[in-house]
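# return a 3D structure for these sequence lines:
(4 chains, ligands or ions: 2)
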Amino acid sequence: MRYLPLTGADRNDMLAQIGVSSIEALYDDVPKRARLTKPLDLPDHAGELEVERAIAALAAKNLNAGQAACFLGGGAYRHHVPAAVDHLIQRGEFLTSYTPYQPEITQGTLQYLFEFQTQVALITGMDVANASMYDGATAAAEAVMMATRVTRRTRAVVSGGLHPHYAEITATHARFLEIVLDQAPPDPEGDEDLIARIDGETACVIVQNPSFFGHLRDLRKLSAACHDKGALLIVAVGETVSLGAVEPPGAMGADIVVAEGQSIGNALGFGGPYLGLFAAREKYVRQMPGRLVGETLDVDGRRGWVLTLATREQHIRREKATSNICTNSGLCALAFTIHLALLGEEGFRRLAALNHAAAVQLAERLGAIKGVTVLNDAFFNEFTIRLPRPAAGVVDRLVERNILGGIPASRFWPDQPALANLLIVTATETNTVAEMDAFAAALGEIL
Amino acid sequence: MRYLPLTGADRNDMLAQIGVSSIEALYDDVPKRARLTKPLDLPDHAGELEVERAIAALAAKNLNAGQAACFLGGGAYRHHVPAAVDHLIQRGEFLTSYTPYQPEITQGTLQYLFEFQTQVALITGMDVANASMYDGATAAAEAVMMATRVTRRTRAVVSGGLHPHYAEITATHARFLEIVLDQAPPDPEGDEDLIARIDGETACVIVQNPSFFGHLRDLRKLSAACHDKGALLIVAVGETVSLGAVEPPGAMGADIVVAEGQSIGNALGFGGPYLGLFAAREKYVRQMPGRLVGETLDVDGRRGWVLTLATREQHIRREKATSNICTNSGLCALAFTIHLALLGEEGFRRLAALNHAAAVQLAERLGAIKGVTVLNDAFFNEFTIRLPRPAAGVVDRLVERNILGGIPASRFWPDQPALANLLIVTATETNTVAEMDAFAAALGEIL
Amino acid sequence: MKPDPITDTFSGDRGLRLEEQLLFEQDRPGRCGVDLPAPPKVKSRLGGLERKGPIGLPGLSEPQIVRHYTRLSQKNYAIDMGLYTLGSCTMKHNPRLNERAVRMPGLADLHPLQPIRTVQGALELMEQVAHWLKTLTGMPAVALSPGAGAHGELCGMMAIRAALDDRGDKRRRVLVPESAHGTNPATAVACGFTVDPIPADLSGRVDLAAFREKLGPDVAAIMLTNPNTCGLFERDIVEIAAALHKIGAYFYCDGANFNAIVGRVRPGDLGIDCMHINLHKTFSTPHGGGGPGAGPVVFSDKLATYVPLPFVVHDAEGFRLVEQADDGKSFGRLKGFHGQMGMFVRALAYMMSHGGDGLAQVSGDAVLNANYILAGLKDEMTQAFPGTCMHEALFDDTFLKGTGVTTLDFAKAMIDEGYHPMTMYFPLIVHGAMLIEPTETESRDSLDRFIDTMRALARAAKQGDKTRFLEAPRFAPRRRLDETAAARNPVLRWKPAAPPNPAPASAAAE
Amino acid sequence: MKPDPITDTFSGDRGLRLEEQLLFEQDRPGRCGVDLPAPPKVKSRLGGLERKGPIGLPGLSEPQIVRHYTRLSQKNYAIDMGLYTLGSCTMKHNPRLNERAVRMPGLADLHPLQPIRTVQGALELMEQVAHWLKTLTGMPAVALSPGAGAHGELCGMMAIRAALDDRGDKRRRVLVPESAHGTNPATAVACGFTVDPIPADLSGRVDLAAFREKLGPDVAAIMLTNPNTCGLFERDIVEIAAALHKIGAYFYCDGANFNAIVGRVRPGDLGIDCMHINLHKTFSTPHGGGGPGAGPVVFSDKLATYVPLPFVVHDAEGFRLVEQADDGKSFGRLKGFHGQMGMFVRALAYMMSHGGDGLAQVSGDAVLNANYILAGLKDEMTQAFPGTCMHEALFDDTFLKGTGVTTLDFAKAMIDEGYHPMTMYFPLIVHGAMLIEPTETESRDSLDRFIDTMRALARAAKQGDKTRFLEAPRFAPRRRLDETAAARNPVLRWKPAAPPNPAPASAAAE
Ligand SMILES: Cc1ncc(COP(=O)(O)O)c(C=O)c1O
Ligand SMILES: Cc1ncc(COP(=O)(O)O)c(C=O)c1O
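Ligands and ions are numbered 1, 2, ... in the order given. Here you go, the predicted model:
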């Protein structure tokens, strides 16, 4: 029992000092028949070597992205994360501390969260940002709920370009809160008209940029239309690296921006843990969910940071809280902020430029294949192609050639034949030209 | 240039403050014709991703021990190292500090070295130990040199069971210091008689236990014979884990013990960096090479640690130093001491027992193969077998079956036909019974 | 002011205690902590949406970044440093094996949308985690995807709503003890319920009579923490469950404190309908300065059909992810992709390490340690409720009465003594509450030192040594911070200072 | 004594500054930080040599171990924390990429005695490192195996001995500047040479006239550090080499300071015969609290035939390790296996990262930073030698004359200010020497803060603020330690205290 410091002798001594005869006696309040009398049918304890082997055996049953040429996106992106990031987040002082309730001995966490908030505000072009949500998807749902609180309206327009997970989670929450969603159909061509759906009852419009299908759009008209009708514009960003190249939502009139922060600093990790970015206009700060760190002074007049505006939160406001969130994505936010600090202005822009260039190179190659159409005019590092046959089967064939060749739209809309031939592909700075050539060649052969 | 914090603007400002026109001007003392005027023919700088890929490509050209069944020893052993070890040694406060010259701000290093010294003394059964040498092999040479200083004699008897690298390095030093070595021939049967070689001129006898061929021997008679003639007994230990099961050299009369510490806490790493353990009787402490940490008090009366007895060392004594060693194996010693701290009395003994049991199981299997003879009566986790044909070819055939099947003696003695059929094999706690069965089966088929 | 040679330094740093500016204050344009190749020249396809103007991110090199975060880390307290008594949060040791496991490329470098047959090992791992959790709780179903405890609460309460909706039942009242964690009422409301508080009895548990009085046809559920937030086992839990079920209501159990009973009691045997499990508490995944966590929820048969998407199933062809429900009963999706995979890996490594045979020792030692603290302190401090406790010891501030020292002051003095304070002023039903949870990974020596220190502090407070408390913390990287000012005039991000008026050239030359 | 509420705590800890006992003082028999399976029952083959009696290793659990070393680490200063001015040691940033690279299983989990065809990548990597080092130094041969700088010195001087022996030359006198590092004379003697010191001239370099006077037929070699330990380039190095070669002697160059010139000057163009390179200085491999390092040695053609075993060769069949020399010219083996592979990997990652184009910037910035410090301090402190410097700035203690403050006191005051002091009292030829090496990985802001602090300290010393120095360090984990007592009565290991006389039962009951 390598994690247990008490020995048998310790236990006996301690029981004697407590004045009970056994550990079992401390469970006297548990109804007798609910106490387990024999061990559960589970494996016995195991040493590190054995556990490591068992988990490595599971890992070996997967094809990891590094062993293949990976062109997957769809809300999770494979970027190179500098070694310093993982090194630093593993420092015990970060890894094994918790929410900075005692600011005097958690200035480290508080300062990086303050820096994180600033970075998120800067890249999204917004006034303020919180200290993270679970992921981009849950942040989207929280944003819609926040918009209903701000506007005191209950209808929300949901773009057909919003990541289906984001839309589904929003729908889950909406159902129980009696928020009515006007969900636009999937928008593979990137030409949906959301303005027509806005009316005086609309609390908000939520739209993704680049969209789930990779389309980049100028949102200025949409935001004007929203504001015209007293609605908020929520912009979701699935690929945060895009903000190094693309006009930020804040500059196009967004009122709330949510984003998936995974693609900066965090591994793919089969989908989690990730981190939700959440930014808004200053005037809405008291309706924001999640933690906020603010600057202040200590009694000696030295600058420091504290958790602030806690009256929005569940531990103070309970049933009147802006959200029930408590534990968030602190460590993922740390990875994010370190990676972005390493990148800085220049690196972030260059990283984005590399991604865009890779995607353009890939689009050229794939678009040149007979029978393949690229649906996007404007895109960042992800775009949608139409194949002459169902994409799912094509993807399976590509796996045989060690290519993870994109996401079939049918994975999300299995019942929509119109989308069956669509494949969503991504290229990042981690994809070499050789990989792109191999992908194009393989796709050409398979089709 | 991610590691360089100066910008062009910084450089210009700084040059102005220094009062020189360019960085080149600071190199005025360099003879003109020795200044490089064009870049060297080397690759340009590269980002992390590119460097990582290049090194990963090299790594991929190797068969690593974890991808095969590994039965190699010969002075480097594959053990499971708990994850906490590597986590802790990577803490920047350990990794990026240096020799604790300023004790007030290096108490961390000093305390773990003091604990390390104590652990080494305990497991070897000796009075005192130093804070590490480069490796077991160089420690062996230092021990022989120390014995000549202690005894003021210049002859040393070298066992044929001593690791050939240890013996060769000793010979290298001996040559230049006019130490005469009486090198016994290789001792695969473990029955050499060293006592006959000792006389009144003998400074020391150096012997390894278990020997390079795996033989365990009771050294008590040998030590008595040494002491009788005023010589020192130096015992080298190639596999430190053996000390958890085997009577320590200190209990058998050793005067100096050197050991390779790699097998506790440190990776195989293709041979380095490793760490030499060096322990001796208290009375010889002032002739010991290497750093020593001692206990003391600070001006407030609080316990602390400092480097001590530095008058033995090159930075104080210069040409009269006991050794020229400066940088040692601090971080490897940290890995060692953490692993041994995790093991503790119980774990260290059990680890040794597991190793011995594995080797016994393997010896049974291999010894049962027709034409194979196990040469050892007593061994720890390594033993020598005689094959009916040259071992080198057999080992090559085993590689094809993904088995790293031992070390042919011919690797060390290519010119000695008598040793050509000998194979030295090791089993540790990392070898499964399935691996051993596969090894035995493959060997049976190949022979 | 001239620096005092005894207390001050010129640099403002003090030995190993180093100050650190904000990243933004260390900016140098053009400096960069990465080297990226120049992008190949391509025709932009950004559709004219190129980002204009500077973003404002600071430029630093890698050495500065490593130093920045190293220094920041040194301003934190952590489990790795010492006893972190924060009750209800289960600050137990986080094994490093877990961190190694989660970083295996076969798990870390896996895209969530890879073809299913390329991720069979990942799905099998999720299935194994599910199996452990179901077996340990004695519940037939589990939803792995919730992102933390509060998210698990949503998951459970939504399943209850879905079940009610499914039977056309409009009841909405949820009973929540006053001692509950804030997430409980917040969750209930977020699921469209209303909250009806129930008081505690003198023993710190649900007041059974008051509870019974609250029962009625409009009661949808109870949200009850067990062991509860006072660190006590709800003795009447079986009766409570039965009474609820009798009226067609559900029992949501907040399982944040499952660590006190794991391996010894299966919540399923107590009559609950669903319960979240904080993998970052009971199963040792790191708290990471506030997260991430994971909050899987186990369900009874009654609720199992409503579990959220996705879930893993296993058939002849291998493992599969169900991402769309056929029967339409699932209440839908709650989290992107498939949940906190990284936490599943860590929790599995932990569960396998302790094994079915060892987890009872884990909970037993946690309870033993808490009772040892209780026994060691109860005569100097004031125990909130009589008797032994489960995994945490709860005190009120009666012992500080008249001393001029508050629970807050006491906590800050603990900081000076090298401890992370306990949870303060929670649960709300206890005056000046101090909730101390040592966990099972604390040694007896550590507990003894803690008890001695706490007793000394308590005595000092009673003896009028107020300075020690009111001035505390004196030795932390910062002394008490002005939270009121922070909230009154929120500064939530760094902003560049207005550029100072450049001094006229002539003045500068003087 | 009653603890003072302002300066003391009950626990002895102070906020985040935590005391930590020895491992041995935390022992509990039977406790263990690993779980190992029970060994299978086999018949012992230990030949009756089973270890008897307890070893005496303490039993701790993993949580305690993690906490122990975390706390210990927090008592250290490190590059990751701040400016580490230790001259001659080149405390530059250690990139984390290097640490990642060296841990790749294809490199870390490789046994040194695997069949050669299973380690082709490892040998190729060694070959690449050799290529970089030869190209950067302009030398035709390299021995990779030495374990550190001093070991490299042995390697070089042994090659010189071997060359002399080969030609039957019995000359043994080695010229070593008085400013040399202690390893130089120690090495010479360890190779059977005698040491003849040569003085420095007023500029801090080899006194050329004195040098010429020392020349003679018995001179075997010079051991000269360049740039030298005063941080200066030996202007006359080409003449010195020529003079040596003329009399048949060799030029050993101590390359510890190669970081000042890498990418700008090739030592091979200066006429040297061999030189060691500290990979842990110039090429950023971590210093690890004292090691490990690596000290490859480059050789001129004259010495190339004598290089130690083993070395890598490349032919049609791939890479090979030569472990036995055919011609018998090699002076033999110096290190177990094939050298410090882990350092080769790190150094290669570093060299590739900077590239042939970037290393000149590395050395240039190192020299620039040192000169910036020199320029910033030379009016408040006293520069040891006139002119600009290379990678380190050297001061003597003239500026402290009459202040009652010594170099040691000054260094200890720097600790309080948050800095790791410079190298003190070395080189020996400078009174109260202070050798400051900032390295190129220090930012200008950091240098500015350092300069300000040093100036303030120097002024304080001159103004008679002695307390600040004599009492220093005041804020470190320990104040000044009694080194004399430590050496007089060495306690080099922990020993169990004699068991205290158990109090009679009756007394205990009182
Ligand atoms: C009793 C209780 N319930 C619920 C929660 C919420 O869990 P989480 O923070 O994981 O969302 C907590 C967390 O502290 C808790 O203590
Ligand atoms: C000038 C000089 N030479 C030689 C050495 C010895 O190098 P190492 O410590 O790597 O053995 C040093 C180390 O500090 C040095 O500064």
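
# drop to CA atoms for contacts and neighbour counts, all remaining ones
OK.

# quick one: mean pLDDT over the lengthiest helix in chain A.
Among the segments of chain A that qualify as a helix by DSSP state H, the longest is helix A:330-367. For helix A:330-367, the mean pLDDT works out to 98.

# again, but for stretch A:248-255
Throughout stretch A:248-255, pLDDT has a mean value of 98.

# so for that stretch, what gets flagged as buried?
A:248, A:249, A:250, A:252, A:253, A:254, A:255 (16 or more other C-alpha atoms under 10 Å in any protein chain shown).

# what's the burial count for residue C:484?
12 (other C-alpha atoms under 10 Å in any protein chain shown).

# sorry, slip of the keys, the one I care about is residue A:25.
Residue neighbour count, defined by other C-alpha under 10 Å, stands at 12 for residue A:25.

# cool, residue A:190 as well?
Per other C-alpha under 10 Å, the neighbour tally for residue A:190 reads 21.

# confirm it sits in a strand?
No. With DSSP: H, G, I helix; E, B strand; the rest coil as the criterion, residue A:190 is coil rather than part of a strand.

# identify the residues contacting the spatially closest residue to it that is not a sequence neighbour.
Closest residue in space to residue A:190, ignoring its immediate chain neighbours: residue A:215 at 5.7 Å, by C-alpha to C-alpha, 6 or more residues apart in numbering or on different chains. Contact analysis of residue A:215 by C-alpha atoms under 8 Å, 6 or more residues apart in numbering or on different chains lists A:189, A:190, A:209, A:376, A:377, A:378, A:379, A:380, A:383.

# out of the residues you listed, which is most surrounded?
Of all the contacts of residue A:215, the most densely surrounded is residue A:380 (33 neighbours; neighbours counted as other C-alpha under 10 Å).

# if I pick the nearest residue to that residue once chain neighbours are set aside, what's in contact with it?
Nearest non-adjacent residue to residue A:380, counting by C-alpha to C-alpha, 6+ apart: residue A:356, 5.2 Å away. By C-alpha under 8 Å, 6+ apart, residue A:356 lies in contact with A:379, A:380, A:381, A:427, A:428, C:44, C:45.

# burial count for the residue nearest to the fifth one when sequence neighbours are not counted?
Translated: residue A:428. Distances taken as C-alpha to C-alpha, 6+ apart place residue A:355 nearest to residue A:428, at 4.5 Å, with adjacent residues excluded. When neighbours are defined as other C-alpha under 10 Å, residue A:355 has 27 of them.

# now do the contacts for residue A:355.
By C-alpha under 8 Å, 6+ apart, the contact set of residue A:355 is A:380, A:381, A:427, A:428, A:429.

# recalculate using a threshold of 6 Å.
Contact partners of residue A:355, counting by C-alpha atoms under 6 Å, 6 or more residues apart in numbering or on different chains, are A:381, A:428, A:429.

# against residue B:261, how distant is it?
47 Å (C-alpha to C-alpha, to the nearest Å).

# quickly find the element holding the spatially most central residue of chain C.
Nearest to the geometric centre of chain C sits residue C:89, at 5.5 Å (C-alpha atoms, centre = their mean). Counting by DSSP states H and E, no helix or strand carries residue C:89.

# looking at the contacts of residue A:355, spot the one nearest chain B.
residue A:429 (9.2 Å; C-alpha to the nearest C-alpha).

# residues near the closest one, how many?
Using other C-alpha under 10 Å, residue A:429 has 22 neighbouring residues.

# for residue C:227, which three-state class applies?
Strictly by three-state DSSP, residue C:227 counts as coil.

# how far away from the center of its chain is the least confident helix or strand in chain A by mean pLDDT?
Sorting the helices and strands of chain A by mean pLDDT, DSSP states H and E puts helix A:314-317 at the bottom, at a mean of 85. Taking C-alpha atoms, centre = their mean, to the nearest Å, one finds the center of helix A:314-317 at 25 Å from the center of the full chain.
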